[in-house]
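A.B. asks: Pasting a predicted model and its sequence here:
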Amino acid sequence: MQLIACPWCGPREEVEFSYGGQAGVPYPADPAVLSDEQWAHYVFFRDNPKGRFAERWNHSAGCRRWFTAIRDTATYRFERVSRLDDPKPVT
Amino acid sequence: MSSPFRTASGGRIDRTTTIEFTFDGQTLPGHPGDTLASALLANGRHQVATSTKLGRPRGIAAAWAEDPGGLVQVEEPFPEPMLLATTLELHEGLVARGLPGQGRLADVPDSARYDAVHHHVDVLVVGAGPAGLAAALSAARSGARVALVDEQSEAGGSLLSGTDQLDGVAAPAWVAAAVAELSRHPEVLHLQRTTAFGSYDDGFVLALERRTDHLGAEAPKNVSRQRVWRIRARSIVIATGAHERPVVFTDNDRPGVMLAGAARTFLHRYGVLPGREAVVFTTNDSAYDAALDLSRAGVRVQAVVDARPAGSPQRREECERAGIRVLSGAVVTGTHGVERVTHALVAPFVDGEVGAGSAIACDLLLVSGGWNPAVHLFSQARGRLRYDETLGAFLPGEQVEGLSVAGSAAGVLDLAGCLADGRRVARAALSHLAIEPGADDRLPTAPEPAVPAAPLVLWRVPDTSGAHGGSQFVDLQRDATVADIARAVGAGLRSIEHIKRYTTIGTAHDQGKTSGVLTSGITAELLGIPVQDTGTTTFRPPYTPVAFAALAGRDRGSLFDPERTTALHEWHVAAGAVFEDVGQWKRPRYYPEPGEDMETAVLRECAAARTGVGILDGSTLGKIDVQGPDAAVLLDRLYTNLISSLKVGSVRYGVMCGVDGMVIDDGTVLRLAEDRFLVLTTTGGAARILDWMEEWVQTEWPELRVHCTSVTEQWVTFPVVGPRSRDVIGAVFPQVDVSTEAFPFMTWRDTTLDGVPVRLARISFSGELAFEVYVNPWYAVPVWQRLLEAGRPYGITPYGTETMHVLRAEKGYPIIGQDTDGTVTPHDLGMAWAVSKKKPDFVGKRSFARPANQDPLRKQLVGLLPVDRQTVLPEGSQIVEFRADGQLPPPPVPMLGHVTSSYRSAELARPFALALVKGGRERIGDTVHVPVHGILVPVEVTGPVLVDPEGARRDG
Amino acid sequence: MSPRPPGADLPEHPDLLWRDAEPKRAYDVVIVGGGGHGLATAHYLAKNHGITNVAVLEKGWLAGGNMARNTTIIRSNYLWDESSTIYEHALKLWEGLEEDLDYPILFSQRGVLNLAHTLQDVRDSVRRVEANKLNGVDAEWVEPDEVRKICPIVNTSADIRYPVLGATYQPRAGIAKHDYVAWGFARRADEAGIDLIQDCEVTGFATDGNRVTGVQTTRGTIAAGTVALCAAGHTSVLTDMLGIRVPVQSHPLQALVSELLEPVHPTVVMSNAVHVYVSQAHKGELVMGAGVDSYNGYGQRGAFHIIERQMAAAVELFPVFARAHLLRTWGGIVDTSPDASPIVGRTPYENLYLNCGWGTGGFKATPGIGWALAHTIAHDEPHPSVAPFSLDRFVTGALVDEHGAAAVAH
Amino acid sequence: MAELLRTHPLEARHPLMAWTAAFARLPATVGITAEPFVAMVDVRLGTVGAEASAALGVDLPTTPNTWVPAGTGRAVWLGPDEWLLTSTSESPEELEARVRAAVLPLGGSATDVSAQRIGLRLTGARVRDVLATGCSIDLHPRVFGRGRSAQTILGQAGIVLLGLSDAGEDFVVLVRSSFAGYLADWLLDAALEFTPTTS
């Protein structure tokens, strides 16, 4: 039951957001050259740390913008949110 | 009727009005302002029930939510299981009974209303006792937005249970003035009968307001019975007070054994004497107040038994002046009595050893082992607790952002201290929020606190009965004793969580309000480790039980989940449609005529579409407007087939896959302009596919100049289907040349109808000549009616989803989500033709190259024809190899696939099915078996297109 | 004394459960994670394979993770052959577990109803029932009037938002008492001489080439011949230490319980569309699971709006629950995999075995996976029932897609 | 069936017509009326400035969660590059064409969404209380006065909420048309508490 600070709309209830998992997993430039294993890692494998995690969130019931958050998966606390056009957040 | 234990005067009850209530079949009197517990005690009734496991009599042992004894079942006005007599406000017509173990649910639905309200404040104060009122006043005087919630029927908390004076007036009068002041601040919300039951992240507190039960028959029907307040507070002050802690001794569970502070509450607040002859057993000073007040009220206090070697010199003097005997260095070792305590067994207690004792007659045994701050909300918000050796209690051990604890909840146990602490904490919160405090923010003058003698931390009195703690009750609700804890420790358990599970202590209705800390203390004692190391079990919401219906709120019945409807919904209802739930949409499934069942109706509707003309409300299809110079680039990346080569004015069918290469959606794409497309999705896929597009555009390809906008409700869509559809469309839209040459298959045209823009498209999901009519839904009803009118000469027949499914299945068109299940590729569907070989990449393409995708035994979409030409295979049926003997072998039987769609076909005059079958395309012509109700039905595997495989009909 | 009232009949635990073992320097097998799976694996290592030089390392208290937090539903009516094989193996073991463990685990085969509310639910249900029958798993499709006979309090009226169109029914399914199960396994393992070591958190691994040689813990380094990870939601924390990537995500999953109630609910009811799964446990409390929180979380707590939605669904389907009370809520950490099936078997380290990704299915699999993992460790070869659940399937694409099988309707 | 088949003139029909009587029975403190149909266009534009203002004839608001009057209608912020423009003087086609022509050269797009949502006007001293039963936005007049807007959730429906008065007694709720019936029922249910009962 968190308040999540949409970088545009400000703090809104958690129910207005949808989760997009790990941030910074770009679509491969040329999937055709990847091995099956490399491709599998893109499709299925995501980090799952206990602690700080750079994630993608979407303010789906509001402005519908995707943004990046640094959140602690143990405490659930959001440390920082940033727009996608902000410089890449560092964990 | 009179109540023998009611005082002659005093208390907060309304003596001018008498309420009759029924308990265990007996009709008894009480007054407004009573709880069920106070009314029972006023009538001399202590025992409420017998215990769950041992069947021992149990009574009222406390005055509010911490009471472990007085569980009741309410029978009228509406059955409600397991409520505490101490928190149940008396009202006319209340019928209740004592509850031995399990509550009873009503067997009829609860018609009461429940709702929820969001509320936002600067400062939320939980608890309207001295600390909470002081905090709320300070916060209110600043002009801040404040909420004060308190679980009791009126504000005041402990101030209503004593004889203190504030600002020179009796405390309740000061409380009334404080409440009046709060009501004058426009930004203050003050709620009584409202229990804050959960505290969560970012200043979120849930509180349950009980709004109508206390009104009895007067309760308005249009007001919710209970309301969940969802409060977002920038700062929270927890002033929830403290629960008095018992001391465990042998047979400490008898009715008449009561916490000392509770007796004061019953006396001062409710005008009830909880007994005639009392013994008071204490380890600290606070119980002396109970002894003195009861004595003044006419109770014969036989003795104050103080476990401390020197007792409390000051309080002893007061008692002696009042003629009360004080036994210091003594303990209560046990009790006599069955349904009510008759004697307290009192013995000297020196250096932890119990000496020879004697019995003192009493019908009331008051106990105080100190105070446990009510840290539940603090702990729920992940505040860490620390054990305080002096108090023998767990206190808030750290600061939690936005959350502070004041008064006795923080371990401050004197009135002046609580008031000052409340104000201090509130002002600190204001300061943190950069809110200036109010000008006249003074504290009331409170009595000088006496300097108390140090309390003794005593969890249990050594058992001299020979029962080894077997009758020393720790958790009265679970009948769990010191002996049970000892057994748990003896079994090898060390963790307090294991002890809880072994003994079941703390798992009952009160969730360990009185037993939790005792268990930690006794366990630590048995293990010989510090209490801090034992810790407590985790505090979890809710603080007190909350009815399911209260949490369901208004999301019940027709509001349980939104019903989405199209602009034609009322027409469908009037036409007698039978509806199907498709996601949240209500879609007509078929339109039975009088006497028709579904099969007959669908055969009729299908025949109309195949031989005349039918019309469908297809408005639920998802629609996305994709605009911008790179619109085609985006669609090329998301569809498996090429979209960019589509000409303006034309339409193409496309398939979308996830990155794993599995089909996620399909539909048609209309190119409206070089830089503009109208994308149609499945009904269920609409929101998902728009999100999917947005996600790719925003997160992966922000360089693309393209925008996607949902227009699902901007257009209604009416497929007009069948060989006579051209006549209908031609009649309604005479400006349009509907000839095949001028308006070929898979193209669209814009026109108008009486000045209203209309888009027509030649798209067919049935194989028949068909036109889709798109129009603004404002005009849905008249346009639909124009089409019906024009179709009347041809017997135009509205049809629903069932007929739509039959028609498309006859043509082998899959429904994503019915004929696919997330494990199916376009190739599996026989749609390799829809997978571009020209495009270097599109979402999902790489996954097609994985080893499992090359497996020749992948399941492929095929048609099935039951050989008997009779059996409609149940959808979902499994398919097995043909068995010459017609018998299923014993399990496990290898499966070839399953039936995804199955219908009776008017056109084929036989049933048919679509199925996913391992290596299915290689098996066309084979006969396989489908077990149906224990019989193996032979079916022939065919290609998926069973009607008009040449496509001769699409142009009419 | 008055006759024993209802709700008083929970059997007592034994007087001796397990030694509070101190770690030795080395073991043949070290199992990381003292939950149900770890304890069951230890038991079957000893019982089936005579391997007893085993330590089970638990960072907190034994069986204090998901084993203490689940809703205790046991069933084997899964769609795919691979899934129903392992869960049915487990169910057969459940049927003899009370004797095997000599512990009153209160396994109650009261049946499970999985309700269907949409036509697609019906298709998926029939598909699963037919597959179950062919796999030898007891299953049947029941119409609404039969649903009402099996569980009279289910709202089977046609005028609710999502009417019950029928259900799948597995009569052999049921519930058990989770602590009793865990403690039964623990006591047996302890009796066999296996060390159950609590408050022993793994902080790292010692490796030599492609072998794990030992486990570093808050109670010292422990050498190991074979290591098995049975850490559920914390698996990634361990595999990160080893540099192995595993496609699991840890999510909060909440559950809740009511006060003790007179018997009203004789079976177990699950509904995906109207999200509910509920049973009435032995003492009379309603035990319910809520939805999975969407985000990754190790906090053993979730958001309350999920509970509220759960309550709405419960009251919708069971109108008589309106005035039952929520007594306690809690959360566990479920390790979910991309295809909603477990990941069991080999890892890049030749003597390290993985067991994770059970999502919401872990409890019901307990004896089955314990048996199969013990076999795998003892024979250094995946037991046939877990072979399809290799990590490798995400590379080849040969998923066991229990997710896909529950695809949304069109 | 004859009535169902009767030909009608092409008159716009409001999806909440069937709720008119129920709305009319509400007391003034919780007034609900269906807004007449207006033209609405969803505008997407990467950057706004003088050029856009000149072309559109309105300064699109760049402060999130606000709206401004725009001609006969409103310009509502929906996102950092998205607005809802409404007009009561143009037809949907006219509005889309005009706006599209204005923003296309600036790299923008415009889509007619006139029927995508319907509007409900909520007026009266207690409408804030009605909204608060299902809307988590802080609606205190100091926070959500005239000119404020929010895309959020009301009950279980996504909405665009517009503040029309600084007294917190006048709001417009825009809701997807297919949810209109649900939301109307939901609002009536919420208003029940403030509706005098006959008993």
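C.D. replies: Noted; the coordinates are in hand.
A.B. asks: The residue lying closest to D:Ala167 once chain neighbours are set aside and D:Asp166, how far apart?
C.D. replies: Leaving aside its chain neighbours, D:Ala167 sits nearest to D:Pro141 (5.7 Å; criterion: Cβ to Cβ, 6 or more residues apart in numbering or on different chains). C-beta coordinates here come from the backbone N, C-alpha and C atoms, glycine included. Distance of D:Pro141 to D:Asp166, given as Cβ to Cβ, to the nearest Å: 6 Å.
A.B. asks: Kindly report the same for B:Ile485.
C.D. replies: 63 Å.
A.B. asks: If you count surrounding residues, which of the two has more?
C.D. replies: Between B:Ile485 and D:Asp166, counted using other Cβ atoms under 10 Å in any protein chain shown, B:Ile485 has the larger neighbour count: 28 against 14.
A.B. asks: for the closest residue in space to B:Pro545 that isn't next to it in sequence, what are its contacts?
C.D. replies: Using Cβ to Cβ, 6+ apart and skipping the chain neighbours, the partner closest in space to B:Pro545 is C:His325 (3.5 Å). Counting by Cβ atoms under 8 Å, 6 or more residues apart in numbering or on different chains, C:His325 makes contact with B:81-82, B:545-548, C:258-259.
A.B. asks: go again using 7 Å as the cut-off
C.D. replies: Residues counted as contacts of C:His325 (Cβ atoms under 7 Å, 6 or more residues apart in numbering or on different chains) are B:82, B:545-547, C:258-259.
A.B. asks: Which strand or helix spans the residue nearest the centre of chain D?
C.D. replies: Against the mean C-alpha coordinate of chain D, by Cα atoms, centre = their mean, the closest residue is D:Leu174 at 3.1 Å. Per DSSP states H and E, D:Leu174 falls inside strand D:170-176.
A.B. asks: is any part of that strand close to chain A?
C.D. replies: No - counting by Cβ under 7 Å from any Cβ of the partner chain, chain A is not contacted by strand D:170-176; separation bottoms out at 12.0 Å.
A.B. asks: Give me the pLDDT for C:Gln300.
C.D. replies: At C:Gln300 the predicted local confidence, pLDDT, stands at 87.
A.B. asks: What is the neighbour count of it?
C.D. replies: 20.
A.B. asks: Double-check that it belongs to a strand.
C.D. replies: No - secondary structure of C:Gln300 (DSSP: H, G, I helix; E, B strand; the rest coil): coil, not part of a strand.
A.B. asks: you'd agree C:Asn70 is up against C:Phe363?
C.D. replies: Yes - contact criterion Cβ atoms under 7 Å: C:Asn70 and C:Phe363 qualify, at 4.3 Å.
A.B. asks: Neighbour count: the two, which is higher?
C.D. replies: More crowded of C:Asn70 and C:Phe363, by other Cβ under 10 Å: C:Phe363, with 25 against 22.
A.B. asks: Okay, the more buried one and C:Met67: tell me how far apart.
C.D. replies: In terms of Cβ to Cβ, C:Phe363 sits 7 Å off from C:Met67.
A.B. asks: which bits of chain A sit near chain B?
C.D. replies: So far as Cβ under 7 Å from any Cβ goes, chain A lies against chain B at A:1-3, A:26-27, A:31-32, A:34, A:36, A:39, A:43, A:56, A:64-66, A:76, A:84.
A.B. asks: Quick one: residues contacting residue 43.
C.D. replies: Using chain A. Counted by Cβ under 7 Å, 6+ apart, A:Val43 has contacts B:659-660, B:847.
A.B. asks: Not quite, go with chain D.
C.D. replies: Here D:Val43 is in contact with D:82-83, D:85, D:99, D:103, D:108, D:110 (Cβ under 7 Å, 6+ apart).
A.B. asks: What's opposite D:Gln151 in the beta bridge?
C.D. replies: D:Val160 (DSSP bridges).
A.B. asks: Confirm for me that it is in contact with D:Leu78.
C.D. replies: Yes - at 6.2 Å, D:Gln151 and D:Leu78 qualify as touching, with contact defined as Cβ under 7 Å.
A.B. asks: neighbour-wise, which of the two wins?
C.D. replies: D:Gln151 (27 against 21).
A.B. asks: Just the ones of the residues of chain A next to chain B in strands?
C.D. replies: Members of those lying in strands (criterion: DSSP state E): A:3, A:56, A:66.
A.B. asks: now, which of the residues you listed sits nearest chain D?
C.D. replies: Nearest to chain D, judged by Cβ to the nearest Cβ, of these is A:Leu3 at 9.4 Å.
A.B. asks: From what I see, that closest one and B:Asp202 are in contact.
C.D. replies: Yes - A:Leu3 is within contact range of B:Asp202, at 4.2 Å (criterion: Cβ under 7 Å).
A.B. asks: For those two, work out which one has more neighbours and name it.
C.D. replies: Legend: neighbour count by other Cβ under 10 Å for A:Leu3 and B:Asp202, higher for B:Asp202 (21 against 17).
A.B. asks: I'd guessed the more buried one sits against A:Ala5; true?
C.D. replies: No - B:Asp202 lies out of contact with A:Ala5 (Cβ under 7 Å); the separation is 9.8 Å.
A.B. asks: Need the overlap of contacts for these two.
C.D. replies: Joint contacts of B:Asp202 and A:Ala5 (Cβ under 7 Å, 6+ apart) do not exist.
A.B. asks: show me what contacts B:Val299?
C.D. replies: Contacts of B:Val299 by Cβ under 7 Å, 6+ apart are B:273, B:275-276, B:278.
A.B. asks: that older thread, strand partners of the strand holding D:Leu174, parallel vs antiparallel please.
C.D. replies: Strand D:170-176 has these strand partners (DSSP bridges): strand D:117-123 (antiparallel), strand D:157-163 (antiparallel).
A.B. asks: Please convert those to TSV, extending it with mean pLDDT and mean neighbour count.
C.D. replies: Formatted as TSV, the strands paired with strand D:170-176 follow (pLDDT from 0 to 100; neighbours: other Cβ atoms under 10 Å in any protein chain shown):
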stretch	mean pLDDT	mean neighbour count
strand D:117-123	98	22
strand D:157-163	98	22
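A.B. asks: Please identify which of those strands is closest to B:Ser902.
C.D. replies: Closest of those to B:Ser902 is strand D:157-163, at 36.0 Å (criterion: Cβ to Cβ).
A.B. asks: Next, report how far the closest one is displaced from the centre of its chain.
C.D. replies: Its chain's average C-alpha position is 7 Å from that of strand D:157-163, according to Cα atoms, centre = their mean, to the nearest Å.
A.B. asks: Check stretch B:178-194 too.
C.D. replies: 29 Å.
A.B. asks: same deal with stretch C:206-214?
C.D. replies: 30 Å.
A.B. asks: coming back round to it: what's the overlap in contacts for D:Gln151 and D:Leu78?
C.D. replies: Joint contacts of D:Gln151 and D:Leu78 (Cβ under 7 Å, 6+ apart) are A:Cys63.
A.B. asks: Now do the helices for chain D: every range, in order, please.
C.D. replies: D:2-5, D:20-24, D:50-56, D:92-103, D:127-132, D:180-191 (DSSP state H).
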